[in-house]
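Peer 1: Need a 3D model of the sequence below.
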Amino acid sequence: MIKDKEKLGFWTFVFLWFGAAVSIAEIMTGGLIAPLGFKVGIIVILVGHLIGTGILVLGGIIGTREKVPSMTSTNISFGVYSTYLFSILNILQLIGWTAIMIKVAASSVNLISQSLWNVNNVLVYIVFIGLLTVLWLYFGNAGMKKLNITAVSLLFMLTLILGSIIFKDKTLLTKAATGGISFGGALELSIVMPLSWLPLIADYTRFAKSEKAGAYGSFIGYFVGSSWMFIIGLGAAIVSKNSDPSVMMLAANLGIAALGIVVLSTVTTTFLDVYSAGVSFLNIIPKLGEKKIGIIMTVIGTLAAVIIPMENYENFLYAIGSVFAPLFAILITDYFIIKKNTKVHSNILVNWGAIFVWIIGIILYYWFIKLDLVLGATMPDMVITGFIYLISWRMMSKWKLTTK
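Peer 2: Numbers count the residues shown, from 1 in each chain. Modelled structure (predicted):
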């Protein structure tokens, strides 16, 4: 049981989620929206993040109220055995995120080191960033507060410098849209990025001092941080046709500061991935410690970064959305609207009705991706999946495997 003095307050959540949002992956995803032009791109980013972060916070509120991690909270709707499946899926996507973050950051660091010292060795930088993440894990919750406040303060100042470089270009607002991505496709990217954290948020908000501290702190920290990263990526891609921030930082002669922003932004984000992978693993095998499992997950993610090419993560984002958007649509509908199942149950092993609706939701997601709707895929999918569950849960209430 966590002590009251160790519980996380409003500002801890602000810094935690701002730090999570400040990453190379978020900047480069913002760059994918550039074909819409700057003005429309800004609208898409802000609207998408309002929707995505709003849904994200709902998952966090469940964690605060029930004092359980994200994957354990799915027990409320799906049953005990189902949480094992979701935990495995979450571990896989978190290892994937860890590998992507480390690989992309190492490539950026390598680019900078080539420019500064003529050193070219991506493998060394992959290992270095992996080891740094292990050290970050070692400090745990108590150390996390001080480390994140220090790191995120520095990161914020450096991103302001980066932003000033981009927005000095007077052609930014006048360059016309070039096509290549639809409004709905861009909106989907803006929504699905915050939703990629939905399987993690309750791992942290369960330690919140209050529901408001966890909800408002998480919303403000992630919305501001992620929107800002997307906007930097959007502006960079329009001005220089390259959303890799390392290129811009080198052009501005930032030198060592460029290395700092790439490495720190990666570690603060990857820390959350591997820690939550450890939490999800404990849902399956509870005897091992969170910190030890988190370190093992870091090692696996680092090895994956070495072996597997993972620079193209757009389809990876869609895969996360297809699995977790309908899953949490059912949980949120159950918890906040139906309000019949609002506690973690140990006697319900599998709710087959919820599983059936979840599978329908996955199929619908990919159908909506193909249709390229103006609202994207996540929002229609979550609304329709939630509605199907809302009107069918009574009929399927007996579709449960329970203990005697």
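
Peer 1: For the helix or strand in which V57 is found, list every residue counted as buried.
Peer 2: Remark: V57 resides in helix 38-66, with elements defined by DSSP states H and E. By 16 or more other Cβ atoms under 10 Å, the buried positions in helix 38-66 come out as 38, 41-42, 44-45, 48-53, 55-66. Where C-beta positions appear, they are placed from N, C-alpha and C, glycine not excepted.

Peer 1: what's the next secondary structure element after it?
Peer 2: By DSSP H and E, the next helix or strand past helix 38-66 is helix 70-73.

Peer 1: Show me the shaky parts of the stretch 251-400 of the chain.
Peer 2: Scanning the stretch 251-400 of the chain for pLDDT under 70 picks out 251-254, 310-314, 341-342, 345.

Peer 1: Okay, helices next: where are they in it?
Peer 2: 256-284, 290-307, 314-332, 352-371, 378-392 (DSSP state H, counting those that start in this stretch).

Peer 1: mind checking which of those helices is nearest L250?
Peer 2: Closest approach to L250 among these (Cβ to Cβ): helix 256-284, 6.3 Å.

Peer 1: Next, the angle from that closest one to helix 290-307.
Peer 2: Here the directions of helix 256-284 and helix 290-307 differ by 120 degrees (axes from the mean of the first three to the mean of the last three Cα atoms, to 10 degrees).

Peer 1: Any idea how far helix 256-284 is from the middle of the chain?
Peer 2: 11 Å (Cα atoms, centre = their mean, to the nearest Å).

Peer 1: So for K103, which of the helices of the stretch 251-400 of the chain sits nearest?
Peer 2: Taking Cβ to Cβ, helix 290-307 is the member of the helices of the stretch 251-400 of the chain nearest to K103, at 4.2 Å.

Peer 1: packing partners for the closest one?
Peer 2: helix 80-117, helix 122-138, helix 256-284 (3 or more Cβ pairs under 8 Å, 6 or more residues apart in numbering; DSSP states H and E).

Peer 1: Single out the most deeply packed of those helices.
Peer 2: Mean neighbours per residue, mean count of other Cβ atoms under 10 Å, is largest over the helices and strands packed on helix 290-307 for helix 256-284, with a mean of 24.

Peer 1: center of the chain - which residue?
Peer 2: Centroid-nearest residue in the chain: W197, 3.3 Å away (criterion: Cα atoms, centre = their mean).

Peer 1: nearest residue to it other than its sequence neighbours?
Peer 2: L56 (5.8 Å; Cβ to Cβ, 6 or more residues apart in numbering).

Peer 1: quick one on the thing from earlier: among the helices of the stretch 251-400 of the chain, which comes closest to G221?
Peer 2: With respect to G221, and counting by Cβ to Cβ, the nearest of these is helix 256-284 at 11.4 Å.

Peer 1: re earlier: distance to R206 added to the helices and strands packed on helix 290-307, as TSV?
Peer 2: Output for those, formatted as TSV (distance: least, Cβ to Cβ, whole Å):
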stretch	distance to R206
helix 80-117	15
helix 122-138	18
helix 256-284	9
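
Peer 1: Can you say which of those is nearest to P380?
Peer 2: Nearest to P380, of the helices and strands packed on helix 290-307 and by Cβ to Cβ, is helix 80-117 at 21.9 Å.
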